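> The amino acid sequence is not available; the structure is as follows:
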């Protein structure tokens, strides 16, 4: 496959699919609002024309659906990007963004804040928790003799187990029926009740962290054959690793804080994209982001519309779709090799 | 002086006839009841009962059985005023679900569970195990999950009261209680304004609301409110704000719990950018009910009466 | 000195000395063979030159500049490294792998390889006889084919110094000769090649100078004719061998006889 024109076409195609999906997805939902009315509301808020629907329905589109759709795209692309980087950094195809204790730490932080009565500050608790868990994992890896990828993974498993146990203890000890539900929803990953503030945070996380990661494309390529080869190709591996780890951890921390522990996106999307375009990271990273955004967009739309008027936590849908998808990918890997 | 036998017999029959209208027949033991898929046999009226959940405690107290309660667990809130005195000295086994050992330490012969899940190995114990130890068990029918619960009605609630009366051999108290509740209910006039309502229990991002088959749905029907999720064949559901906003209910019922008060919920609804625009929120059209009264039990009828009064006081502009 | 100069290189692992004062010098335009039994320190010496293994003492310079302390990016533009066994879990084509050799010359925001890059990739693949494999997935190749791809990648870096760690270990004889011919050609056009080899005869044939390492020290250094002798082979390799000199070739030939045993004394088998 000659690079250049074919990839440019693929990019353009993915962007088109993403934008078309977003435009389509905001018309789905339990409330019966016609598609043209939905788009008219959006245009009205952007400055063109009047809102053709009542104040409340306007709020449904502009305050409920649109921020949620945008947040889904952001979180999906962020998680896919993080997952891709983790898989390269740890040289482990089963890595996902939560590998180094990030999601367990976030869960613990979120639960602590929830049970302390600061339910609205759960995102902050999650963020702090994830970064604390990461710091501890890296500390342990150093104590084990130096933060190599395999040691970091092992340390991450330790911390994740510890954080999970503490979370379970806290839930068992002090949760009431209501907080059980909130915690479960968070643990499975849910985009219910996403506000513009949440969407803004997701966007901020992406803007701060994604560029650093995207520009590391060639460094990540050089990593393909390990540290020695990468150094031989001129990459400052220590600096690259730390930069990428920091950016990924921060990005994942924000995504998890807003959406909870949504699984499978960060694991499956990179593999699917790799099957199609190979492992050249300069291409793989941005395409993973686009595919991740599209994937999350549709799974969340399904989560909030399929069982009207009920809502499923989106993590259930990503798991239901992601697990069989992963199986298909593994089968294709086997056939190609 | 010896009364003639004939006169004596007549007097006795007359007395019996008078008595039978005022006193129900005493329970014939052994009594077997079918409760939530399990046949429970009582050889005599239980003397040492443990109640789990406020509704169980309140039911037994309302039947005048306070001296037969040896322990209570997982109470949801304070007792209502009319039962406070009777329940003042009750021994609290645990704030949450007591373990099997703690319950058995109280040497009960009857455990009345407000949730079916209470009877698990890591709870008060499984029903067959307890039966083998001579402890009768009972699950509140409204809480029975093994079988798909039918729509809860007041008739079913009264049935539970009567069944409890039979088990404890206090049929007259039970019948009297049912009569009182039926009378209150009969006096209750459903609101004629055909208002829509949602019963909001908890949840910030995902609202947890009442569907069509539980006690809240039953109360709303009695009040003449059109429950926006009334056609959902389930008790409690996690709904979406979008569905609620789309329905734009006229009235919102708020459950006032110790861990999540009605005031907190009002504030939440007012602060949320979407719900703050709901008519019911803007005009503060709320009905408040304390949590223990919202669960299926003897407080439902008084709560419904109270809510009817709240409802009548709500003003709606003439369209 | 405008070549590679290593003086007094020491590498330690705890108390144990892996390299105990190694010194050598090599001119540009030459092929220097690094020899010695397993564990002698050949790989470590190369890694130390690259700065991947810290030097406890000593210096390594190339064209007068300190090599280990150089910024990796600068070093990668003048020096290419081929490791012994390069494995990857990534799904890369052969062309992708060779294209990695151009990474030191590309900027962070360069999305696609330049024309020059693509030209070099094609040329080096052809040089190693791997042109037909360009679109194959790297991990589907045999060990020997993978090694040749790695060498192509190194050559794509257009290095002035080539460090190779046993690049011929999995190759069949034709491929071995092809690789060494390529290295020879590169040296002839000005590159400085330091290659660790295990085959004494190939080393003798293709290298200008040999450096024999034994337990972290230099046992002998110089042109093959000077270095290869039976006493050295017995001492360093533990083998009895004869050195033959054929009339038309300057490179001496090693003819192996039998392994030396512990209590062997020179007198018994003369």
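Alright, I've got the coordinates. All figures in this text were calculated on a predicted structure; none of them were measured in a lab.

> Tell me how far the one residue in chain B that gets nearest to chain C lies from residue B:78.
Closest residue of chain B to chain C, CB to the nearest CB: residue B:205 (38.9 Å). Where C-beta positions appear, they are placed from N, C-alpha and C, glycine not excepted. Distance, residue B:205 to residue B:78, using CB to CB, to the nearest Å: 30 Å.

> out of these two, which sits in the busier spot?
Neighbour totals were compared for residue B:205 and residue B:78, and residue B:205 leads with 24 against 13 (other CB atoms under 10 Å in any protein chain shown).

> Need the three-state assignment for the residue in the stretch 201-337 of chain A that chain C sits nearest to.
Among the residues of the stretch 201-337 of chain A, residue A:234 lies nearest to chain C; the distance is 2.8 Å by CB to the nearest CB. Judged by DSSP: H, G, I helix; E, B strand; the rest coil, the three-state class of residue A:234 is coil.

> That one contacts residue C:72, doesn't it?
Yes. In this structure, residue A:234 is within contact of residue C:72 by CB atoms under 8 Å, at 4.9 Å.

> where are the low-confidence patches of the stretch 201-337 of chain A?
A:336-337 (pLDDT under 70).

> Provide a list of residues in contact with the residue of chain B closest to chain C.
A:182, A:185, A:190, A:192-194 (CB atoms under 8 Å, 6 or more residues apart in numbering or on different chains).

> Please pick the buried ones from the residues you listed.
Among these, those classed as buried by 16 or more other CB atoms under 10 Å in any protein chain shown are A:182, A:185, A:190, A:192-194.

> Tell me which of those residues fall in strands.
Among those, none falls in strands (DSSP state E).

> Report pLDDT for residue A:58.
Residue A:58 is assigned a pLDDT of 88 by the prediction.

> How about it: what's its closest non-neighbour residue?
Nearest residue to residue A:58 in three dimensions, chain neighbours excluded: residue A:51, at 4.9 Å (CB to CB, 6 or more residues apart in numbering or on different chains).

> how about that neighbour, secondary structure?
With three-state DSSP as the criterion, residue A:51 reads coil.

> Look up how far residue A:60 lies from it.
From residue A:51 to residue A:60 the distance is 12 Å (CB to CB).

> okay, these two: which has more neighbours?
For residue A:51 versus residue A:60, neighbours defined as other CB under 10 Å are more numerous around residue A:60 (25 against 17).

> residues from the stretch 101-250 of chain A in reach of chain B?
Contact residues (CB under 8 Å from any CB of the partner chain) of the stretch 101-250 of chain A with chain B: A:119-120, A:176, A:178, A:181-182, A:185, A:190, A:192-196.

> could you redo the last one with a cut-off of 10 Å?
Counting by CB under 10 Å from any CB of the partner chain, the stretch 101-250 of chain A comes close to chain B at A:117, A:119-120, A:122, A:172-179, A:181-182, A:184-186, A:190-198.

> Generate the PyMOL command that creates a selection of the buried members of these.
To isolate the buried ones among these in PyMOL, judged by 16+ other CB under 10 Å, type:
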select buried, chain A and resi 119+122+175+176+178+179+181+182+185+186+190+191+192+193+194+195+198
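
> So which of the residues of the stretch 101-250 of chain A next to chain B belong to helices?
Counted as lying in helices by DSSP state H, out of these, are A:122, A:172-174, A:177-179, A:181-182, A:184-186, A:196-198.

> Check pLDDT for the residues you listed and point me to the minimum.
residue A:177 (68).

> so where do the strands sit in the chain?
In the absence of a named chain, chain A is used. Using DSSP E, no strands are found in chain A.

> Let me rephrase: I mean chain B.
Taking DSSP E as the criterion, chain B carries its strands at B:31-35, B:38-42, B:49-52, B:69-73, B:92-94, B:110-113, B:136-139, B:196-202, B:208-210, B:226-227, B:236-238, B:251-256, B:286-290.

> And for the stretch 151-270 of chain C?
C:161-165, C:192-196, C:209-214, C:217-222, C:239-244, C:253-259 (DSSP state E, counting those that start in this stretch).

> residues of the fifth one that come out buried?
Same thing as strand C:239-244. C:239-241, C:243.

> Identify the residues contacting the residue nearest to residue A:58.
Neighbouring residues of residue A:51 by CB atoms under 10 Å, 6 or more residues apart in numbering or on different chains: A:37, A:40-45, A:57-58, A:61-62.

> hmm, which two among the residues you listed are most spread apart?
A:43 and A:57 (14.8 Å; CB to CB).

> Chain neighbours aside, what residue packs nearest to residue A:243?
Excluding the flanking residues, the one nearest residue A:243 by CB to CB, 6+ apart is residue A:212, at 6.2 Å.
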